[in-house]
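J.: Structure here, sequence nowhere to be found:
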């Protein structure tokens with residue numbers, strides 16, 4: 001089947017493409033409009049922030065010049081009578097003026113003029129007005145007469161806009177200067193002097209250019225009358241007759257708008273200083289602003305096309321990937337299930353495949369569930385028989401089938417039905433499985449092969465059987481209330497060790513047997529009847545401790561002795577069948593636990609030992625006594641086998657250690673015992689028994705043999721040979737060598753060279 005002929009593939013592609021295009025176009029439209037507006041607002045905000053900075057800096061500098069005028073007015077060295085007609089006072093005034101501008105880079109020059117005086121004082125010298133204008137600063141539009149009149153009669157601060165000034169010096173230059181004239185005292189009715197500040201226009205332009213670095217627009221500063229003080233660039237509109245249309249803001253304060261001049265649109269931002277009432281204006285051609293927006297449009301369109309192309313390719317690829325499983329499914333169905341593709345509707349075919357797989361899955365699920373049930377029964381059966389020594393082992397095996405215990409104490413409860421109620425066993429099991437799981441108690445139901453009983457392994461955090469008895473009593477009442485079903489319950493003692501669950505099971509079964517005495521439809525705890533069966537204080541606990549200790553030492557004689565005492569106890573104490581079963585159960589568990597702790601459980605066959613179910617089948621004490629004796633004989637044979645294996649292993653370790661270390665001068669039996677992990681006395685005794693010689697003699701023989709080889713094959717001195725074979729003292733070596741060979745080492749070398 002060709003892909004292009006598949007309607008399903010076409011639907012996949014078109015639907016995915018639609019899913020891509022709709023949000024892409026919507027997001028693109030919203031993002032584009034948002035960023036267009038955002039960029040324009042960002043430009044306006046940046047312009048206004050720039051103007052704020054320019055205004056703040058200029059206002060600060062102007063205020064700084066006024067502050068200098070205030071300070072000069074308050075300076076004792078600047079009092080007219082101290083300065084005028086006094087050469088020393090004049091020099092002191094010049095020096096004082098230096099201190100006012102030495103740290104101010106904004107001010108180009110500073111002059112102090114006392115009215116109706118002949119001199120102007122600067123930080124470097126004194127000038128007459130004529131000399132100043134002729135030899136230093138020549139204003140092209142401010143003559144001497146007007147200059148003298150201004151500095152003598154100005155009553156309030158005057159700022160002259162930037163104007164051309166010829167700087168006369170070593171070279172003649174032209175510079176635009178702003179001149180700020182401040183009468184002192186400032187704003188007083190009768191000023192007695194005038195302070196003149198000169199500021200280069202380039203300083204202001206440098207300031208404005210440094211702040212306005214993003215766009216190629218213009219910045220203009222107007223005074224309170226609307227006259228141009230300075231401008232960043234000389235533009236055509238600044239000299240037009242209708243310049244007011246573009247230079248005068250529509251309102252005071254701060255804002256932005258668009259203006260048109262000479263068919264060109266400009267973005268105008270402005271701010272008016274509240275201190276000086278000057279206006280600061282930026283004028284940027286709209287085309288310049290739109291460059292960034294146009295650039296953004298181009299990038300956005302390019303990205304849109306790239307995303308569209310890549311997305312279309314990805315959509316096609318995903319469509320193929322989505323369709324391929326269906327294609328492979330149809331092919332697999334044809335090859336493995338014999339299901340021919342006969343319809344153009346792929347979903348109909350999928351439905352057929354799903355139905356087929358569903359039927360097979362149902363069969364597999366039933367098989368898996370059956371295996372889970374089998375695993376559950378097996379684990380509970382092993383736990384009940386006492387074959388699981390550690391509950392962690394049980395939890396690890398049962399975790400996948402949600403069969404775990406988290407409580408500390410374990411006991412067994414047996415629910416017994418009489419013959420008239422055997423048919424309700426399944427209902428009882430279902431009910432118990434639901435009720436035996438709570439925050440206080442954990443219980444798992446184990447089915448039995450008879451129709452009378454249901455076994456429950458119970459775990460709780462309470463060591464006393466009363467807690468389990470009360471909980472089961474509540475369940476028993478609910479069972480009777482629901483079905484009028486009389487149930488007899490036998491409960492074994494709680495145990496902390498999981499391997500004693502089998503013992504609790506025996507106790508529960510014994511309690512059930514007492515229903516003939518206590519009556520049916522009751523809860524019988526083994527704890528309540530145990531005093532009638534055996535005296536717990538008479539239990540051979542000490543014999544079991546000796547038995548376990550003998551097993552750990554692998555002392556055959558002690559094992560025989562302790563097991564003999566246990567069998568004698570069974571034979572001569574006229575004990576009950578239950579106590580005999582308990583003793584046999586404890587014997588088996590002691591053997592298994594001890595072997596596991598010694599990591600020697602590999603040499604015993606646990607399957608040969610009777611489990612708790614088998615023990616319940618023994619009906620006489622004599623049978624149990626015979627079984628204990630059989631277990632003892634089997635255990636002794638296993639211990640002897642293990643001893644032989646261990647003996648062979650120890651012998652090989654001793655010989656290997658001697659072979660590797662007999663040339664070491666520090667060789668000793670003590671070091672060898674620490675390495676092998678066996679006592680030095682045992683090594684000495686064991687080696688003597690199995691070789692007929694002591695370890696020391698054996699080592700000396702090997703050393704002398706090696707010395708013979710070295711004496712024959714090498715030219716080493718006797719001192720070197722002695723150290724190589726593991727001796728410190730040469731004379732001691734000579735004595736041992738002569739004692740074993742009959743000649744000295746020197747004679748041996750002469751004879752065999």
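T.: Perfect, I can see it now. It should be emphasised that the depicted structure is a prediction, and the values quoted were computed from it without experimental measurement. Residues are numbered from 1 along each chain as shown.

J.: Relative to residue 141, how far out is residue 71?
T.: 31 Å (Cβ to Cβ, to the nearest Å). Glycine gets a C-beta too; all of them are placed from N, C-alpha and C.

J.: Compare those two and say which is more crowded by neighbours.
T.: Of the pair residue 71 and residue 141, residue 71 is the one with more neighbours under other Cβ atoms under 10 Å, namely 15 against 9.

J.: What is the longest helix of this protein by residue count?
T.: The longest helix of the chain (DSSP state H) is helix 7-74.

J.: could you give the mean pLDDT of that helix?
T.: The average pLDDT within helix 7-74 is 78.

J.: ok, residues contacting the helix or strand that that helix is followed by?
T.: Counting by DSSP states H and E, the element after helix 7-74 in chain order, helix or strand, is helix 80-83. Helix 80-83 has contacts (Cβ atoms under 8 Å, 6 or more residues apart in numbering) with 76-77, 89-90, 92-93, 114, 117, 121, 192-193.

J.: Now the buried members of those residues.
T.: 89-90, 93, 114, 117, 121, 193 (16 or more other Cβ atoms under 10 Å).

J.: Make TSV out of these and add pLDDT.
T.: Formatted as TSV, these follow (pLDDT from 0 to 100):
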residue	pLDDT
89	76
90	78
93	82
114	90
117	88
121	89
193	92
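
J.: quick one: which of these is nearest to residue 676?
T.: When the buried ones among the contacts of helix 80-83 are compared for distance to residue 676 (Cβ to Cβ), residue 93 comes out closest, at 108.6 Å.

J.: What residues of the helix or strand where that closest one lies count as buried?
T.: Using DSSP H and E, residue 93 maps to helix 87-101. Going by neighbour count (16+ other Cβ under 10 Å), the buried part of helix 87-101 is 89-90, 93-94, 96-97, 100-101.

J.: Tell me which helix or strand the residue lying closest to residue 435 once chain neighbours are set aside sits in.
T.: Distances taken as Cβ to Cβ, 6 or more residues apart in numbering place residue 475 nearest to residue 435, at 5.3 Å, with adjacent residues excluded. Assigned by DSSP H and E, residue 475 belongs to helix 465-483.

J.: Quick check: buried residues in that helix?
T.: For helix 465-483, the neighbour count (16+ other Cβ under 10 Å) marks 465, 467-469, 471-472, 475-476, 479 as buried.

J.: neighbouring contacts of that helix?
T.: Outside helix 465-483, the residues that touch it by Cβ under 8 Å, 6+ apart are 411, 413, 424, 427-428, 431-432, 435-436, 440-441, 458, 460, 462, 485-487, 489, 491, 493-494, 521, 523, 525, 527.

J.: Restricted to helices, list these.
T.: Those of the contacts of helix 465-483 lying in helices (DSSP H): 427-428, 431-432, 435, 527.

J.: which ones are touching residue 489?
T.: Contact analysis of residue 489 by Cβ under 8 Å, 6+ apart lists 413-416, 472, 476, 522-524.

J.: Among the residues you listed, name the ones in strands.
T.: 413-416, 523-524 (DSSP state E).

J.: Columns neighbour count on top of these, output as JSON lines?
T.: Listed next are the ones in strands among the contacts of residue 489 as JSON lines, based on neighbours: other Cβ atoms under 10 Å:
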{"residue": "413", "neighbour count": "29"}
{"residue": "414", "neighbour count": "24"}
{"residue": "415", "neighbour count": "26"}
{"residue": "416", "neighbour count": "23"}
{"residue": "523", "neighbour count": "19"}
{"residue": "524", "neighbour count": "24"}
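
J.: Serialize those residues to CSV and add fields for distance to residue 312 and pLDDT.
T.: Shown next, in CSV, are these (distance: Cβ to Cβ, whole Å; pLDDT from 0 to 100):
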residue, distance to residue 312, pLDDT
413, 70, 93
414, 73, 91
415, 70, 91
416, 76, 87
523, 77, 91
524, 80, 90
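
J.: Closest to residue 723 out of these?
T.: residue 413 (76.8 Å).

J.: I'd like to check which residues are in contact with the closest one.
T.: By Cβ under 8 Å, 6+ apart, residue 413 lies in contact with 443, 455-456, 458, 468, 472, 489-492, 508.

J.: Are any of the ones in helices among the contacts of helix 465-483 buried, and if so which?
T.: 428, 431-432, 435, 527.

J.: quick check, nearest of the residues you listed to residue 25?
T.: residue 435 (62.2 Å).

J.: okay, now the domains of this protein?
T.: Listed by automatic domain parsing, the domain ranges of the chain are 57-204, 216-289, 370-513, 536-638, 662-752.

J.: Not counting sequence-adjacent ones, nearest residue to residue 675?
T.: Nearest one to residue 675, counting by Cβ to Cβ, 6+ apart, is residue 657 at 6.1 Å.

J.: Assumed the one you found was part of a strand.
T.: No: looking at residue 657 with DSSP: H, G, I helix; E, B strand; the rest coil, it is helix, so not inside a strand.

J.: Quick check: it touching residue 674?
T.: No: counting by Cβ atoms under 8 Å, residue 657 stays clear of residue 674, with 10.6 Å between them.
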